[in-house]
Every structure is written in C-alpha cells, then in structure tokens.
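Asker: Please find the sequence and the predicted model below.
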Amino acid sequence: MAGNRTFTMIKPDAFEAGNSGAILKMIEEAGFKIVAMKATRLTQELAGKFYAVHSERPFYADLCKYMSSGPIVAAILEKDNAVEDFRTLIGATNPANAAEGTIRKIFAKSIEANAVHGSDSDENAAIEGSFFFNQYERVI
Ligand code: RTP
Ligand code: MG
C-alpha cells in the first residue's frame, strides 16, 4: 500500500520571491495536511548530505550551492498516496516540461531553481522528513 506522507521544501528561489504562502495554499487546497513545518536554511555541507544520492550527477555541486543560497521552508505532508500525488501537483523537474497548473509551471524559474522539492519514494520521504524534524517537531 502506498504511504501517506511525503516531504517537501520550498526552495530558495520561491522563498526569496515571496511565494511560500501561495505555494502552501495550493498544497493545502490539493488535500495535503501539514504535519510539520519550519523556515530554515541549509549550509552547503547539509545540502550535500541531503542530496548525497545525486553526488555523481553533473549538477550536484551547483545544486548544493543553490540550495544553501537562502532560506527555505521544510515540511512533512500527509495525504493518501502522498508521494505520487505530490509529484503530480508539483510537475516535471524542468518547468518547461511541467503541466499547466502545476506548482513548478507557475512558480519555477529554471530546471535548478524549480520552486519545490518532493520526495520520490515512501522510503525517501521518511528519511528526508527525519533529516529536518525530530519526533517532537511533527504531528504523530
Ligand atoms: P526534487 O528532488 O528537488 O523534488 O526534484 P526532482 O526529483 O524532480 O529532480 P531530481 O532529479 O531529484 O534533481 C534534484 C534537483 O536537482 C536540480 N537539477 N538540476 N541543472 C540540471 O540539469 C538539474 N537537474 C536537476 C533541480 O533543482 C532538481 O529538482
Ligand atoms: Mg528528486
């Protein structure tokens, strides 16, 4: 059975542009409940740890620099079929390929500065949520 939680970040481009509220509104209107949330900032080292799975990819160094370039919002979200439904809501990695009405189509600036992160599996959703939140910082 598909899990009911996913993890998201509002990335530095969207935070800086003042789009956090509008993005969270779209997320709630799509039926996701916020079960943990904070505004925070990654260091380059922490971004490197978070994106360690991408360490062999050509965009890894740029990605870590970008993700530590300014504040972000980190959140754990709850909904049936959360991981898949959230990735549908945010759209393709490259906003040029993202479907109309998706968060990335509306708010992303580029393939890198693409407004939001969404976990790609139930297992990674749990790992990523625990990266930012301990048991006292999230709804049980
Ligand atoms: P995310 O993990 O942030 O939800 O995005 P995703 O699954 O759609 O994409 P992924 O392949 O996991 O890539 C992670 C993030 O790296 C940046 N990226 N840059 N310059 C490039 O070609 C490139 N490709 C990916 C994006 O910020 C992407 O979301
Ligand atoms: Mg990904």
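Answerer: Here it is on my side, so go on. Keep in mind that what you see is a predicted model, and the values were worked out from it rather than measured. Ligands and ions are numbered 1, 2, ... in the order given.
Asker: hey, let's count contacts and neighbours off CA atoms from now on
Answerer: Will do.
Asker: need the residues of the protein near ligand 1, please.
Answerer: Phe59, Leu63, Ala92, Thr93, Ile111, Glu112, Ala113, Asn114, His117, Gly118, Ser119 (CA under 6 Å from any ligand atom).
Asker: Tell me which of those fall in helices.
Answerer: Under the assignment DSSP state H, the residues of the chain next to ligand 1 contribute Leu63 to helices.
Asker: from the residues of the chain next to ligand 1, which ones fall inside strands?
Answerer: Among these, the members falling in strands (DSSP state E) are His117, Gly118.
Asker: ok, so of the residues of the chain next to ligand 1, who is nearest Asp85?
Answerer: Nearest to Asp85 among the residues of the chain next to ligand 1 is Gly118, at 10.0 Å by CA to CA.
Asker: Tell me where the chain has helices.
Answerer: Under DSSP H, the chain gives helices at 12-16, 20-29, 44-50, 60-67, 82-90, 103-107, 122-132.
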